[in-house]
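Asks: just coords:
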């Protein structure tokens, strides 16, 4: 059995188990009473509340900490056996089908060198024999040259030595650069004479030849040639992502940028009641059919499993590939200010179109220049579209000029941030931007202190999707190995209560869903999880190892460890 067959069989078996759990839990008595638990939730004010029991009728919670137990004739009783219960976790920034694809294709995460990454490609090809392989694409993701001894970006030559007849496209861990072989370059018509596109770079060597590294908008020159997945492939990717996310206690994801094809696919899945977790999807501003999707208005399923009322727009690249747009040049590349993926002159039209359509705008901005331009454009557009000025977001808000941070609160712009980005970037961030600019980088405590509500997420598959890794990073500012001892830039740590709020109540708030999701309160959806430890009584360093025992959505058990 090949590795792919094993994965496919595993996902099929897990899907069947989940389906049976869903069918079983939906039969019989709809009213359920779960007792003897150690429960934690926030209330609508963000205050931490504990509870020992709760009840729900169908998909809605009816009571917490009931002093009188309900009738056993009317309710199904479940003994929680003293286990810890939390609200279902919400990841406010992920890429669902990208995760599914990542689970099913070449995984380069953690590769310790360019040579090891190439060996993983070889191993994948060996385990996946195909007929007529010529020009069949090999796709992968996860390499990070910062972790390699050389620190150097990979080149086409290492791939060319082992893959001579198939195009290879390997995305960097952040998705803002791809490493390709010569076959892929030839198919795309990229050579020494090909100019870099606006907002992107075809990296070339000292002889003017493409090295095989394409940054930001230059990626599209190759990726546009990759055949689009059909519905069966999309379903396979969604199923793989679903089972993975449910096993991590994630009950809702804000999908950061979907195409018209995925828009139609999600709507179809919602109509068939086939979605296994909640999706708050952002339309991709670069999709050719964005106007058509905006004109169709908001999408909301009756069971809250699908909501589409926002647009993901793209400001700049990423810090690791030096594509984040900076006000001053990179400290380790004095001639480089990064890239604006969307030209500055196009921002007024883009912002006005999205806001005038009644949609939320979620703008990707990592560098301080991209964040400043976004804030300035929000302020300008709000004057012209005064009816839609609340709860817009800046995705990542990663490096912000200190003087610009108050504008988030003044403009009611939500910083949508990913705690594990800080702990992944801490080994290179100061090299990229210097110590002074770090004062406005990954600045969670500073944002909270001024009254901003932060929506926390992971940006999977850039980072692992495990929200307990995010909670750990937010509280400790440490890596998975719990270094440095006091945390990186420790003054920006948050409390566990604040971190949990970012992954529950404030993530729901950033999607206009706080009335139904994000906390366990009467009248809200019965989304909750059982976990294996009390994260409020253990050292922060132990939070990362938390395992999910059960996941429930809409009052139905959808995962069992």
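Replies: The structure has been received and is ready for your questions. Note that the structure is a prediction, hence the values are computed from the model and not measured. Residues are numbered from 1 along each chain as shown.
Asks: In contact with the residue nearest to residue 57 when sequence neighbours are not counted, which residues?
Replies: Leaving out its chain neighbours, the residue that sits closest to residue 57 by Cβ to Cβ, 6 or more residues apart in numbering is residue 31, at 4.9 Å. Just so you know, the C-beta spots here come from the backbone N, C-alpha and C atoms, and that holds for glycine as well. Residue 31 sits next to 55, 56, 57, 58, 62, 70, 74, 75, 76 when contact means Cβ atoms under 8 Å, 6 or more residues apart in numbering.
Asks: and if we set it to 6 Å?
Replies: Contacts of residue 31 were listed using Cβ atoms under 6 Å, 6 or more residues apart in numbering, and they are 57, 74, 75.
Asks: what about residue 439, neighbour count?
Replies: When neighbours are counted by other Cβ atoms under 10 Å, residue 439 registers 16.
Asks: brain fart, residue 207
Replies: Using other Cβ under 10 Å, residue 207 has 6 other residues around it.
Asks: Quick check: which element contains it?
Replies: Per DSSP states H and E, residue 207 falls between elements, in no helix or strand.
Asks: quick one: it and residue 145, what's the gap?
Replies: To residue 145, residue 207 is 21 Å away according to Cβ to Cβ, to the nearest Å.
Asks: and the residue most central in space within the chain, what does it touch?
Replies: Ranked by distance to the mean C-alpha position of the chain (Cα atoms, centre = their mean), the top residue is residue 94 at 1.8 Å. Applying Cβ under 6 Å, 6+ apart, we find residue 94 in contact with 253, 460.
Asks: For it, report the pLDDT, please.
Replies: Among the per-residue scores, residue 94 holds a pLDDT of 98.
Asks: Residue 277 too?
Replies: pLDDT for residue 277: 98.
Asks: What residues does it make contact with?
Replies: Counting by Cβ under 6 Å, 6+ apart, residue 277 touches 245, 251.
Asks: for it, phi and psi?
Replies: phi -140, psi 170 (degrees, to the nearest 10).
Asks: Would you quantify the distance from it to residue 93?
Replies: 15 Å.
Asks: What is the neighbour count of residue 405?
Replies: The local packing of residue 405 (other Cβ under 10 Å) involves 21 other residues.
Asks: Could you look up the SS state of it?
Replies: What DSSP: H, G, I helix; E, B strand; the rest coil gives for residue 405 is helix.
Asks: Distance check, it against residue 234.
Replies: Separation of residue 405 from residue 234 (Cβ to Cβ) stands at 39 Å.
Asks: Name the helix or strand for the residue located most distally from the centre of the chain, please.
Replies: Distance from the centre of the chain peaks at residue 73, with 43.3 Å (Cα atoms, centre = their mean). If you go by DSSP H and E, residue 73 is not part of any helix or strand.
Asks: Look up the pLDDT of it for me, please.
Replies: On the pLDDT scale, residue 73 is placed at 91.
Asks: now do residue 21
Replies: The per-residue pLDDT reported for residue 21 equals 48.
Asks: Tally up the residues packed near residue 450, please.
Replies: Neighbourhood size, residue 450 [other Cβ under 10 Å]: 12.
Asks: ok, back up a step: from the contacts of residue 31, pick the one nearest residue 179.
Replies: The shortest gap between residue 179 and any of these belongs to residue 57, at 53.0 Å (Cβ to Cβ).
Asks: Identify the bridge partners of the closest one.
Replies: Per DSSP bridges, the residues bridged to residue 57 are residue 31, residue 60.
Asks: helices and strands of the chain: which one has the lowest mean pLDDT?
Replies: Lowest by mean pLDDT, DSSP states H and E among the helices and strands of the chain is helix 3-26, with a mean of 47.
Asks: Quick one, which of the contacts of residue 31 are buried?
Replies: 57, 75 (16 or more other Cβ atoms under 10 Å).
Asks: export the contacts of residue 31 to JSON lines and tack on distance to residue 517?
Replies: Putting these into JSON lines (distance: Cβ to Cβ, whole Å) gives the following:
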{"residue": "57", "distance to residue 517": "17"}
{"residue": "74", "distance to residue 517": "26"}
{"residue": "75", "distance to residue 517": "24"}
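Asks: Closest one of the contacts of residue 31 to residue 138?
Replies: residue 57 (50.5 Å).
Asks: how close does that closest one sit to residue 212?
Replies: Separation of residue 57 from residue 212 (Cβ to Cβ): 58 Å.
Asks: in the stretch 401-550 of the chain, which spans are strands?
Replies: 413-417, 455-456, 528-531, 548-553 (DSSP state E, counting those that start in this stretch).
Asks: Give the partner strands of the host helix or strand of residue 364 in its sheet and their orientations.
Replies: Assigned by DSSP H and E, residue 364 belongs to strand 360-365. Strand pairing for strand 360-365, using DSSP bridges, gives strand 306-314 (parallel), strand 392-396 (parallel).
Asks: of all the strands of the stretch 401-550 of the chain, which lies closest to residue 156?
Replies: Nearest to residue 156, of all the strands of the stretch 401-550 of the chain, is strand 413-417, at 34.7 Å by Cβ to Cβ.
Asks: what's the distance between the closest one and the middle of its chain?
Replies: Here strand 413-417 is found 13 Å from its chain centre; the criterion is Cα atoms, centre = their mean, to the nearest Å.
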